[in-house]
Structure formats: C-alpha cells, structure tokens
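S.K.: Structure for the following, please:
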Amino acid sequence: MKQVKLGLKENWRQFTLLVIINAFVGGMIGLERSILPRIAAVEFHIAAKTAILSFIIVFGIAKAFTNYFTGAWANKVGRKNLLTIGWLVGIPVPFVLIYADSWNWIVAANVLLGINQGLTWSSTVMMKIDLVGERQRGFAMGLNEFAGYLAVAAVAFLTGWIASHYGLRPYPFYIGIALAFLGFFCSWLFVKDTKHHVEQEITTSKVVKLKSVFWETTWRNKNLGSVTQAGLVNNLNDGMTWGILPILLASKGFSIAEIGIVTAIYPAVWGIGQLFTGRMADYFCKKDLLFLGMLLQGIALIALLFAQTITHFVFISTILGIGTAMVYPTFLATVAENTNPADRANSLGIFRFWRDLGYAIGAIITGIVADAFGLNASILLIGLLTVGSAIVIVYRMKCIDNHSVKIWHWITQREHKVKPSCKSKANFANQLPYQPC
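M.R.: As a prediction, the model looks like this:
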C-alpha cells in the first residue's frame with residue numbers, strides 16, 4: 001500500500017483544491033436561490049405554492065437518492081470518479097434553465113442538479129474527511145461547508161442583482177455555465193483519489209463496525225439516529241426557506257434586489273460561521289452544538305411571522321444562518337466520529353440521503369399547508385418541527401469523545417478563570433464539578 005499521512009497540513013494542496021471545487025458546487029445551487037420562484041410566477045404564471053415548489057421537491061428527491069448511492073459506491077467506483085461524473089451531469093443545467101419554455105423543463109433541470117449535487121458535494125465531503133483523519137474533522141467540514149454555502153450566498157446575490165438590472169433570463173445563468181465547466185476540468189485533471197488514506201486509517205481505528213449501516217445510521221444508533229433526524233429537519237426548514245421566503249418577501253412589496261439581499265444573508269452567515277463552528281465541533285460537546293443550533297433555527301423561523309421591515313428580515317436571516325452554521329459541520333463530524341472508516345462513506349451517504357430528503361418533504365409540507373391555510377401557517381409548522389428536533393437531541397444523544405468540553409460548564413467555569421486546553425483536559429475533569437462528555 002502506498003504510504004500516506006493523514007492531516008490537514010500534510011494534505012493541504014488537495015484539501016484546498018477540494019474546498020475550491022466545493023465552492024463551485026455551492027454556486028450551482030445559488031443560481032436558483034433568489035430568482036426561480038419569481039420565474040415561476042412571472043414567466044410561467046404559476047400561482048399554487050405546491051406547483052412553484054415542485055422544483056425543490058424533485059431536487060431533494062434526486063439529491064437524496066444520489067447521496068445514498070454515492071456512499072454505497074464510493075469504495076468501489078472511487079471518490080474522484082464520482083466527483084467527475086457529477087460535474088458532467090451538472091453541465092446541462094444552466095443551459096436548460098436559460099432555454100426552458102415550460103415549467104416541466106425547469107423541473108427536469110432540477111433532477112440533473114440534484115444528481116450533480118449528490119455526487120459532487122458528497123464526494124468532496126468524503127475526500128476531506130479521508131485526508132485529515134480523526135483529529136480535525138470538524139474544522140475540515142467547517143471549511144468545506146463554508147466554501148459551499150458562501151458560494152450559494154454570493155451567487156444568489158449576484159443572480160438577484162443581475163436579474164434586477166437585465167431581466168430574469170438568460171444573463172443570471174451565465175454564471176452557472178462557468179461554474180460547471182470549471183468544476184469538471186478541475187476535478188478531472190487535478191483531483192487525486194483518497195482510497196489510500198482510508199486504508200491507512202482503517203488500520204488504526206478503534207470504532208466498531210456497524211452491524212446494519214442503514215438502520216443504525218437511520219435510527220437504531222442513538223447518536224447517529226439523532227443526527228439523521230436533525231439533518232432531515234434542518235433541510236426541511238431550508239427547503240421551506242428556499243421556496244417560501246422569496247414569495248413571502250414579494251408579498252410584502254420588497255423588490256427583487258431586496259429579496260436577493262435577504263436570501264443571500266442566510267447562506268452567507270451560514271457559510272462564514274462554519275469557519276468557527278467547525279473548529280468548535282472538534283473541541284466542544286457535539287450534542288450541545290446540535291441542540292443550540294436547531295433551537296436557534298426554530299426560534300428564527302417562528303420570528304418570521306412577526307417581521308415587517310427589511311431590517312427585521314435581515315436580522316432573522318442572520319440568526320437562522322448562525323443556527324444552521326452550528327449544526328452543519330457538526331452533523332458530518334459526528335457521523336464520522338461514530339463510524340469505522342470502512343463504514344464511513346456508506347453511513348455518510350445514508351445520513352445525507354435522509355438529510356436531503358428533507359428538501360422534498362419540506363417543500364411538499366410547505367406547499368400543501370401554504371395553499372390550504374396560508375404562508376404563515378406553513379412557516380409556524382416548520383418552526384415548531386425544528387424546535388421539536390432540538391428536543392429529540394437533548395433526550396437521545398450522548399457525547400462519546402472524552403476530550404470534548406460541555407459548553408455550559410465551559411461558560412460557567414470561565415467566570416472562575418479556568419481555561420481548559422488540550423494539555424490540561426485530564427486536570428480540568430478532576431478539578432471541576434464536571435463529567436467528561
């Protein structure tokens with residue numbers, strides 16, 4: 001076997017390349033974030049919320065199933081090959097969005113986009129975790145998701161700005177053409193597979209292999225099951241935000257440029273915040289981060305019901321972004337922490353299957369409830385479900401890493417000027433009224 005070293009410093013060139021590629025991946029979603037619901041209403045005269053959200057439903061289903069098969073095939077086909085294939089599938093997407101003469105073509109483009117996202121984002125996640133080893137998983141995922149969602153925000157803002165000056169089509173989607181070709185050629189020519197890194201880590205891992213990867217990840221394993229349900233609810237509310245927020249803002253008289261700003265702030269805070277929350281996931285108890293993040297999301301969504309001004313919406317989008325930033329890299333780091341390297345790709349694929357199925361479930365629930373009872377009812381329901389997910393984490397999940405620090409104890413002990421560090425964790429556990437997670 002080829003001799004390899006695990007770690008961010010040891011593999012920084014490939015890691016940096018994968019971060020850049022994941023920014024291209026996120027940019028492909030940003031193409032639609034602020035203007036596709038407006039295209040549905042203005043160009044295709046679709047009024048029903050369920051019909052408008054159909055593009056998110058098919059996107060979520062396609063991405064979810066692709067995630068599952070990406071995890072299952074990763075060790076057989078190879079991460080790099082799946083990444084390259086994903087970009088091939090994504091190349092037609094901006095062209096279809098430009099030339100579509102019916103809503104059915106928009107829906108078809110989102111099937112391709114879902115497959116593209118499932119193959120490319122899942123592959124970059126797996127490869128980064130493979131490269132860094134167990135010590136820096138949270139930080140690695142923070143960087144990965146930072147790049148992806150900052151690109152979502154940047155492209156969402158740019159497409160909104162371009163649409164406000166030059167029309168809804170075709171100019172906003174030219175960005176997508178550049179992203180798709182850059183992503184394909186960088187993946188094909190420069191990315192190297194990480195199978196040797198996986199083989200190296202298998203020899204040292206002490207995590208027991210799962211008996212049934214699908215069911216353990218889905219629910220039976222308390223930690224994996226808690227993360228999976230939270231991931232599903234997180235993307236359920238993101239699917240609602242993606243589809244309903246532009247409609248809600250338009251109903252209150254905001255311009256397309258203002259809608260672009262608000263819809264960009266949420267993923268921008270989400271993306272930038274993960275530079276910090278990813279590192280926190282390597283240090284603090286993951287259960288605490290997940291609970292706080294889901295609770296903040298639920299509160300922010302319910303607060304949308306009372307927002308009136310652009311300032312209100314900007315503030316709420318910021319809180320929603322902070323909450324999502326706390327959970328997103330922590331999800332992936334927790335799955336990696338609770339699985340043997342031989343099971344990791346499959347377990348990540350199953351987690352991402354359920355998580356991204358949340359897009360479809362959220363869009364369906366949101367559309368049906370909004371059409372029957374109005375936008376406010378759908379927002380309230382999704383907000384309450386998100387708070388409920390936080391409660392599940394409190395009662396079901398446990399920390400397994402003896403080196404992690406409980407946030408509440410850390411805050412309390414800072415008042416006594418006790419600063420736990422990697423070199424003094426054992427003393428910290430003995431000296432304070434605190435049990436390691």
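S.K.: ok, for residue 359, nearest residue in space, not its chain neighbours?
M.R.: Closest residue in space to residue 359, ignoring its immediate chain neighbours: residue 60 at 2.8 Å, by Cβ to Cβ, 6 or more residues apart in numbering. (C-beta placed from N, C-alpha, C; glycine too.)
S.K.: What is the helix or strand where residue 13 lies packed up against?
M.R.: Using DSSP states H and E, residue 13 sits within helix 12-33. If contacts are counted by 3 or more Cβ pairs under 8 Å, 6 or more residues apart in numbering; DSSP states H and E, helix 12-33 sits against helix 92-99, helix 103-132, helix 137-166, helix 174-190, helix 256-281.
S.K.: and it, how far out from the chain's middle?
M.R.: With Cα atoms, centre = their mean, to the nearest Å as the basis, helix 12-33 stands 12 Å off its chain's centre.
S.K.: Name the residues of that helix that are buried.
M.R.: Going by neighbour count (16 or more other Cβ atoms under 10 Å), the buried part of helix 12-33 is 14-15, 17-19, 21-33.
S.K.: next one: stretch 200-219
M.R.: 200-201, 205, 207, 210, 213-214, 216-218.
S.K.: Out of those, the closest to residue 375 would be?
M.R.: Closest approach between these and residue 375, by Cβ to Cβ: residue 218, at 31.7 Å.
S.K.: Can you check what pLDDT the model gives the residue nearest to the closest one when sequence neighbours are not counted?
M.R.: Distances taken as Cβ to Cβ, 6+ apart put residue 228 closest to residue 218, at 5.8 Å, once the chain neighbours are dropped. The model reports residue 228 with a pLDDT of 97.
S.K.: And for the one 10 residues further on?
M.R.: At residue 238 the predicted local distance difference test score is 90.
S.K.: How much space separates it from residue 222?
M.R.: 25 Å (Cβ to Cβ, to the nearest Å).
S.K.: Looking at these two, which has the bigger crowd around it?
M.R.: residue 238 (25 against 14; other Cβ atoms under 10 Å).
S.K.: Confirm for me that residue 61 is in contact with residue 113.
M.R.: No: assessed by Cβ atoms under 8 Å, residue 61 is found out of contact with residue 113, at 11.8 Å.
S.K.: And those two? Which one has more around it.
M.R.: Between residue 61 and residue 113, counted using other Cβ under 10 Å, residue 113 has the larger neighbour count: 27 against 20.
S.K.: residues contacting the more buried one?
M.R.: Applying Cβ atoms under 8 Å, 6 or more residues apart in numbering, one finds that residue 113 lies in contact with 28-29, 32, 59, 62-63, 90, 93.
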